[in-house]
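Engineer: Build me a structure from this.
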Amino acid sequence: MTVSASEATRAGAKVTAIGLEVQSAGGMKYRRVGKSGLTVSEMGVGCFSFGEFVDAKGAEAVVHHAMDRGINYFDTADSYGIGTSEERLGAALSGRRERAVIATKFSNRMDHGPNDIGTSRLHIVRACEASLRRLKTDYIDLYQVHWPDRRTPIEETLGALDDLVHAGKVRYLGVANFFEWEICEAFWIAEKHNLQKFISTQDHYSLLYRDIEKRMVPFCVRYGIGMNSYFPLAGGLLTGMYRRDAPAIPGTRAAASPSYAAWNSRRNWDVQEKLKAFAESRGWTLPQMSLAWLLSRPAMSTVIAGADKPEHISQNIGALEIAFTPKDLTEIDRLTLVDEDRSVAPVYRKLRPEKVHEFEPMQVANARGLGTR
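Structural biologist: Modelled structure (predicted):
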């Protein structure tokens, strides 16, 4: 009979490492992030909704249910709700911090001052200290540059981040929304100056938008960089909840988000409907198939799936039970690699190019205490 470390401790027995192994409920599986030693759950939780749509009690319910199902990866950012998401995640992890991998991001505007944005040494140090306070922790597992700041030398950015790692405030470094050449440049600078390297990249990637397969995916495979995608369900289109030419369902995030209209193209609906029919012919749901497909991609470490309720966690985890045949993957390629310029997602075309979900009016309203929390 195998006795867990906690059970042995309660019984007063001597605890050794012999026979101990990873244990998790819900059949969770784990992967390394790129070439690093960091191990994360294949399914992660995106905490953007904690900043706007889910209150503190709801966030706690989601986080606890996720951890009970073996999920350890929680992705947030200082700009989600101007700090609110980090605060709610930190509160939800009270007493469970050591079991979680916290991935947060910085570089978006957090206030109206000239140094309240970007990747300067000044802003990085301030942003890290503020995130640590909000998260109620003394270290961040994965600290990510949310958007590149091309006016600040990458040497300055990497030097400040390296100092945070050596100070014990940050464990690993990552990026989001970088071009592959920018990550390559950062690697070269880090190698030259003996600085900590980025181990991961977070990018927009789904069955509806596969452009990063042209350059980013091969780059990550070659250099051992872990990928963790956002918008895995294409802003809601791959949830199967919405219908062509119908308004977003009242009370849903899509109804409240200005980005939903940007996904609402004829091409996207044509592909979505064919994918939904294909998934149902295999006995799968469309969102579970969409998440499982991302996990089949080379270099993928974890998929960041948002969850507003505990039941969303259980639904997302169902994706881990899907196994594709080569024929399945070929058919998915046939259905998705069609039509329209895929080089730039419509959210980038129709909104300010440096924004995805942190819309400036929402940020200003929240900073002034006018937004809903």
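
Engineer: Kindly check the end-to-end length of stretch 168-183 for me.
Structural biologist: 23 Å (C-alpha to C-alpha, to the nearest Å).

Engineer: Stretch 291-300 now?
Structural biologist: From start residue to end residue, stretch 291-300 stretches across 11 Å - C-alpha to C-alpha.

Engineer: What lies in contact with that stretch?
Structural biologist: Residues outside stretch 291-300 that contact it (C-beta atoms under 8 Å, 6 or more residues apart in numbering): 31, 34, 42-43, 205-207, 213, 217, 220-221, 225-229, 232-233, 284, 303, 305, 316, 319-320, 322, 324, 329, 332. C-beta here means a position set from N, CA and C on the backbone, and glycine is covered the same way.

Engineer: Leu93 and Ala100: what is the separation?
Structural biologist: Leu93 sits 5 Å away from Ala100, taking C-beta to C-beta, to the nearest Å as the criterion.

Engineer: Any of the contacts of stretch 291-300 buried? List them.
Structural biologist: In the contacts of stretch 291-300, burial by neighbour count holds for 31, 34, 42-43, 205-207, 217, 220, 225-229, 232-233, 284, 303, 305, 316, 319-320, 322, 324, 332, counting by 16 or more other C-beta atoms under 10 Å.

Engineer: hang on, the earlier thing: what residues are shared contacts of Leu93 and Ala100?
Structural biologist: Any residue near both Leu93 and Ala100 by C-beta under 8 Å, 6+ apart counts here, and that gives Phe74.

Engineer: Ignoring the adjacent residues along the chain, who's closest to Phe219?
Structural biologist: The shortest distance from Phe219 to any residue other than its chain neighbours is 4.2 Å, reached at Glu180 (C-beta to C-beta, 6 or more residues apart in numbering).

Engineer: who touches Gln272 in this structure?
Structural biologist: Contacts were defined as C-beta under 8 Å, 6+ apart; by that measure Gln272 touches 208, 234, 237-238, 286.

Engineer: Which member of those is positioned nearest Cys184?
Structural biologist: Leu208 (26.9 Å; C-beta to C-beta).

Engineer: my guess is Ser314 contacts Arg69, does it?
Structural biologist: Yes - assessed by C-beta atoms under 8 Å, Ser314 is found in contact with Arg69 at 7.1 Å.

Engineer: more neighbours, those two?
Structural biologist: In terms of neighbours (other C-beta atoms under 10 Å), Arg69 is the more surrounded of Ser314 and Arg69; the figures are 19 against 14.

Engineer: Just to be sure, Pro246 is in a strand?
Structural biologist: If you look again at residue 246, you'll see it is Ala, not Pro. No - read with DSSP: H, G, I helix; E, B strand; the rest coil, Ala246 is coil and lies in no strand.

Engineer: Could you pull up phi and psi at it?
Structural biologist: phi -110, psi 140 (degrees, to the nearest 10).

Engineer: Do you have the strands of the stretch 151-300 of the chain handy? List them.
Structural biologist: Ranges of strands in the stretch 151-300 of the chain, per DSSP state E, counting those that start in this stretch, are 170-176, 198-204, 226-230, 300-306.

Engineer: which residues touch the shortest one?
Structural biologist: Residues from elsewhere that reach strand 226-230 (C-beta under 8 Å, 6+ apart): 31-34, 36, 44, 46, 73, 75, 103, 174, 176, 199-206, 216-217, 220, 294, 297, 299-304, 356.

Engineer: From those, keep the buried residues only.
Structural biologist: 31, 33-34, 36, 44, 46, 73, 75, 103, 174, 176, 199-206, 216-217, 220, 294, 297, 299-304, 356.

Engineer: Within the helices and strands, which one has Ile102?
Structural biologist: Ile102 is located in strand 101-106, with elements delineated by DSSP states H and E.

Engineer: thinking again about what came up before, among the strands of the stretch 151-300 of the chain, which is nearest Lys276?
Structural biologist: Across the strands of the stretch 151-300 of the chain, the minimum distance to Lys276, taken as C-beta to C-beta, is reached by strand 300-306, at 17.8 Å.

Engineer: could you give me the average pLDDT of the closest one?
Structural biologist: The pLDDT scores in strand 300-306 average 94.

Engineer: And the helix or strand just after it, what does it pack against?
Structural biologist: Towards the C-terminus, the helix or strand next in line after strand 300-306, according to DSSP H and E, is helix 310-317. Of the remaining helices and strands, those touching helix 310-317 by 3 or more C-beta pairs under 8 Å, 6 or more residues apart in numbering; DSSP states H and E are strand 43-46, helix 56-68, helix 286-295, strand 300-306.

Engineer: Name the residues of helix 310-317 that come out as buried.
Structural biologist: Those buried within helix 310-317 under the rule 16+ other C-beta under 10 Å are 310, 312-313, 315-317.

Engineer: so how far is it from its chain's centroid?
Structural biologist: Computed by C-alpha atoms, centre = their mean, to the nearest Å, the chain-centroid distance of helix 310-317 equals 16 Å.

Engineer: by how many degrees do it and strand 300-306 diverge?
Structural biologist: Relative orientation of helix 310-317 and strand 300-306, computed by axes from the mean of the first three to the mean of the last three C-alpha atoms, to 10 degrees: 150 degrees.

Engineer: Okay, and the beta partners of the residue nearest the centre of the chain?
Structural biologist: By C-alpha atoms, centre = their mean, the mean C-alpha position of the chain lies nearest to Ile304, the distance being 3.8 Å. As for beta bridges, Ile304 partners with Gly44 under DSSP bridges.
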